[in-house]
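[1] pasting the sequence and the predicted coordinates here, then a few questions.
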Amino acid sequence: MTQHKLQDERGFNQVFAPIGSTPVRANRRNMWFVAQANRLNARRILEIGCGTGDAAAHIAMHTTAEVIGVDISDSFLAHANATHKAPNLRFEKLDLLGDDPHVLGKFDLIYGNGILHHLVVQLEPVLSILRSMTQAGGGIAFIEPNLMNPYCAFIFGTKIGRKWARLEPDEMAFTASGLQRKAQSSGWLDISIKTKDFLLPGIPSSFVGPTIAIEPLLEATSLISWLAQSHFLTARA
C-alpha cells in the first residue's frame, strides 16, 4: 500500500512517497496544526521530529509565527534546509534527551506528527521536558498512531509488519487510555484525545473521495470510531 521515499541514517523508514492519498492526508494534518496554532494565538512554534520540514514549512506559510523544526537526522535536516526557505522558519539539530532543549527558549505551541511513538520508552520525561519548554497558557498538539486500528495493529503488533515498515526496536503505537495516562502523569492539563482519520497513507487516488465522504459517519459511530487510525492529542501547560 505505502511507498517510502526517504529513510534516516539508521535505515528506518519515516517518510511516505507523495502518492495517492498521502498528500491529501498530509495537508489536512498540517491544517489541523495550523488550527491549533491559531487557537493558541501562537507566536513561537516548535516541531519535534520535523523530518524533511514539510509540516513546519506549511505552518510557517499559513501563520506569522516563528517556526522552528528540530530533528536528530542530519540527512532529513539537510533536505529540509535545501527545500524550505521562509523568513519565519528555521531548522535545528536537537536531541531532546541528549542536548539542552532550553537553549531554544519557550514556545506557545509544540507539536509533532507521529513522533511520540518513537519515544514511547521515555515518553514521560519527554513530555515533562516539553512542558518545561511551553509558555504559560501554551500547549501541545500531536498526532499519533492508534494501536487499535487494524492497519496499525499489523504494523506495530506483528513481526512481519514491523519488519515491512522498518520500525525501530522500541517504536510502538498507543491506545487512547495509555496516551492519556502518560500526559496526565507528566503534568499536562486540559488533555483531549480524539481518535479519528480513516484515510490511510498511499491508498489509490480513486479511493480518497469515497473515504473522505464516509469518514464523518465512521468517526461519529461509537462502535467504529475507536478503530480510526490516529489519536489527535492536545493539552495545556
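    Everything's here; your move. All of these numbers come straight from a predicted model, not from anything done at the bench.
[2] C-alpha only now, for contacts and for neighbours.
    Will do.
[3] does residue 105 touch residue 132 like I think?
    No: shown here, residue 105 and residue 132 do not form a contact pair, counting by CA atoms under 8 Å, at 9.9 Å.
[4] the more surrounded of the two?
    In this comparison of residue 105 against residue 132, neighbours counted by other CA atoms under 10 Å, the higher total goes to residue 132 at 16 against 11.
[5] so who does the more buried one touch?
    By CA atoms under 8 Å, 6 or more residues apart in numbering, the residues touching residue 132 are residue 106.
[6] mind naming the longest helix for this protein?
    The helix of greatest length in the chain, counted in residues with DSSP state H as the criterion, is given as helix 22-39.
[7] what sits up against that helix?
    With contacts defined as CA under 8 Å, 6+ apart, helix 22-39 is touched by 16, 45, 55, 58-59, 62-63, 109, 111, 141, 199-203.
[8] what helices or strands is the helix or strand harbouring residue 110 leaning on?
    Residue 110 belongs to strand 107-113 when elements are defined using DSSP states H and E. Contacts defined by 3 or more CA pairs under 8 Å, 6 or more residues apart in numbering; DSSP states H and E place strand 107-113 against helix 22-39, strand 44-48, strand 134-145.
[9] listing partners with orientation, what would you give for it?
    Within its sheet, strand 107-113 is paired with strand 44-48 (parallel), strand 134-145 (parallel), according to DSSP bridges.
[10] after the first one, heading C-terminal, what element do we hit next?
    What that stands for is strand 44-48. helix 54-62.
[11] taking their axis directions, whichever helix or strand comes after that next one and strand 44-48 sit at what angle?
    From helix 54-62 onward toward the C-terminus, using DSSP H and E, the following helix or strand is strand 66-71. Counting by axes from the mean of the first three to the mean of the last three CA atoms, to 10 degrees, strand 66-71 points 10 degrees away from the direction of strand 44-48.
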